[in-house]
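Visitor: quick one: sequence plus predicted model below, questions after.
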Amino acid sequence: MAIQKGARRSISIDPAVDTAFSNDKFYRKLVREHSMTPYQRRKAERDRTRTTINIDIPAELIQEIKALAAQKDVTQSQLAALLIVFGLTGIDEGRHKIEKYRVLSRSPLRDYKIDLPQIPHVSEKISTVNENKQSTRK
């Protein structure tokens, strides 16, 4: 019998068994997954395999990433990942030196912090170049 879209399966468990296993992590996961629709199970599996990281960056840098991603019609996370790869490649090839931006930190956890350089306004330059190209074509 096929499960209809949006329908939930009912599960009947003896209350004594449910109480006995209620602290078991595996059992709770099994019960939760049993009550999910196939779509919800696939989505949960995709979410488990996703890798995310939270990074505190200046608001000005976030605005540049948003603007550039919109201009290039790509997602912000894909653009940020590409820019990180560019930076790591530059460090690996010796074009960028982290030591140049390190300053002593007052934090008890770290000896140094990074003093960020001026953030270039790349998105403004790209939109200006695009406008100039369009005006010369007319």
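Guide: Received, thanks.
Visitor: which residues of this structure fall in helices?
Guide: In the chain, the helices defined using DSSP state H lie at 15-21, 25-34, 38-49, 59-72, 76-92, 122-137.
Visitor: closest one to Tyr112 among those?
Guide: Taking Cβ to Cβ, helix 76-92 is the member of the helices of the chain nearest to Tyr112, at 15.7 Å. Every residue, glycine included, has its C-beta placed from N, CA and C.
Visitor: name the residues that touch that closest one?
Guide: Ile65, Lys66, Leu68, Ala69, Lys72, His96, Lys97, Ile98 (Cβ atoms under 8 Å, 6 or more residues apart in numbering).
Visitor: so which of those residues wins on neighbours?
Guide: Leu68 (20 neighbours; other Cβ atoms under 10 Å).
Visitor: ok, that residue to Arg95 distance?
Guide: 21 Å (Cβ to Cβ, to the nearest Å).
Visitor: with Tyr39 instead?
Guide: Applying Cβ to Cβ, the value for Tyr39 to Arg95 is 46 Å.
Visitor: one more: Lys29?
Guide: 47 Å.
Visitor: now swap in Thr51 and tell me
Guide: 27 Å.
Visitor: residues in contact with Ile65?
Guide: Neighbour list for Ile65: Gln76, Leu79, Ala80, Leu83 [criterion: Cβ under 8 Å, 6+ apart].
Visitor: quick one, domains of this structure?
Guide: Residue ranges for each domain of the chain read 15-49, 59-137, as given by automatic domain parsing.
Visitor: number of nearby residues for the residue nearest to Val103 when sequence neighbours are not counted?
Guide: Among residues not flanking Val103 along the chain, Asp115 sits closest, at 4.8 Å (Cβ to Cβ, 6 or more residues apart in numbering). Counted with other Cβ under 10 Å, the neighbours of Asp115 add up to 9.
Visitor: sounds good, over and out.
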